[in-house]
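>>> here is a sequence with its predicted model. Questions after.
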Amino acid sequence: MPGIVYQDESTIMICRFSPKVTLSLLSACLLTGPVALAAFSPAALADAAAIASPADSAAVAPVAALYDALKAAQKTGKTAQQRATMIAPAVDHAFDLEAILRRSVGVRYNSLSPSDRTRLLGSFRQFTIAHYAASFKPQAQAAFTISSQTRPNPTGGVIVDTTIGGTDGGDVVPIDYIMTNGASGWRITDVLLNAHISQVAAQRSDFGGALSQGGANGLADHLDDKTAHFLHD
């Protein structure tokens with residue numbers, strides 16, 4: 001199967017990834033990339049643009065770019081650190097990490113000092129990148145689809161619908177991205193697993209415990225420990 005396949009009028013883009021990747025790993029920050037952020041070939045993008053509106057194409061592009069970077073990393077990155085280096089530009093391009101972190105921490109984020117926010121954001125970024133690097137290992141394969149057309153999000157922005165399924169015909173699971181258009185363009189601000197389980201909401205519970213026990217530095221240390229675990233081959 002080729003790396004990208006276009007099916008019928010909806011122009012579904014299919015990539016190959018690991019069938020063993022769990023939904024929790026994808027949620028980290030799938031969030032949504034070749035490594036230089038040229039998501040697909042110019043011809044492929046032109047075909048998609050012929051069907052999708054300009055607004056749809058702009059919102060879908062960061063997700064497609066992330067998936068492309070993950071595909072390249074799992075194909076050629078021999079170590080988790082190598083894969084992290086390859087994936088990092090796509091994560092930065094696709095996600096509004098500060099918005100996700102702010103919502104994951106909740107109201108306590110407003111009381112954090114600028115230095116605490118800076119350290120916490122750096123740790124969260126590395127955690128997100130490492131999570132993907134640990135998920136997409138060499139020789140892995142799975143089928144991802146991205147709809148070229150978006151749908152409105154009830155609370156603002158749009159939703160990009162994708163699915164992940166094994167190449168062996170196993171279950172296909174919806175993984176959707178909430179996209180918000182800001183000063184830096186369209187960025188992912190949440191990931192919905194099974195079309196309704198919010199990554200932000202799940203992280204809020206996890207982050208809240210670390211914050212209560214050790215404050216911002218405690219949460220940053222918590223994320224740093226997870227990053228080190230992910231990058232340990």
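Thanks, I have the structure now. Numbering: from 1, shown residues only.
>>> ok so residue 188 is a strand residue?
Yes - looking at residue 188 with DSSP: H, G, I helix; E, B strand; the rest coil, it is inside a strand.
>>> can I assume it is in contact with residue 179?
Yes - between residue 188 and residue 179 there is a contact at 6.1 Å, judged by Cβ atoms under 8 Å. (C-beta placed from N, C-alpha, C; glycine too.)
>>> what sits in contact with each of the two?
62, 63 (Cβ atoms under 8 Å, 6 or more residues apart in numbering).
>>> all strands of the chain, in order?
With DSSP state E as the criterion, the chain has strands at 13-16, 143-146, 151-152, 158-165, 172-182, 185-193, 197-198.
>>> so where's this structure shaky on pLDDT?
Filtered on pLDDT under 70, the chain yields the residue ranges 1-52, 139-140, 142, 166-170.
>>> again, 80 this time
For the chain, residues meeting the criterion pLDDT under 80 lie at 1-53, 55, 136, 138-144, 164-171, 233.
>>> for it, which helix is longest?
helix 199-230 (DSSP state H).
>>> and that helix, what other elements does it pack with?
helix 97-105, helix 114-135, strand 185-193 (3 or more Cβ pairs under 8 Å, 6 or more residues apart in numbering; DSSP states H and E).
>>> how about the last one as PDB, C-alpha atoms only?
The one in question is strand 185-193. Extracted in PDB, the C-alpha atoms of strand 185-193 (Å, rounded to 0.1, in the frame of the first residue of the first chain):
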ATOM      1  CA  GLY A 185      -2.500  30.000  12.300                       C
ATOM      2  CA  TRP A 186      -4.400  26.800  13.000                       C
ATOM      3  CA  ARG A 187      -3.100  24.800  15.900                       C
ATOM      4  CA  ILE A 188      -4.300  21.700  17.800                       C
ATOM      5  CA  THR A 189      -5.700  22.600  21.200                       C
ATOM      6  CA  ASP A 190      -7.200  19.300  22.200                       C
ATOM      7  CA  VAL A 191      -7.400  15.700  21.100                       C
ATOM      8  CA  LEU A 192     -10.500  13.600  21.300                       C
ATOM      9  CA  LEU A 193     -10.100   9.800  21.600                       C
END
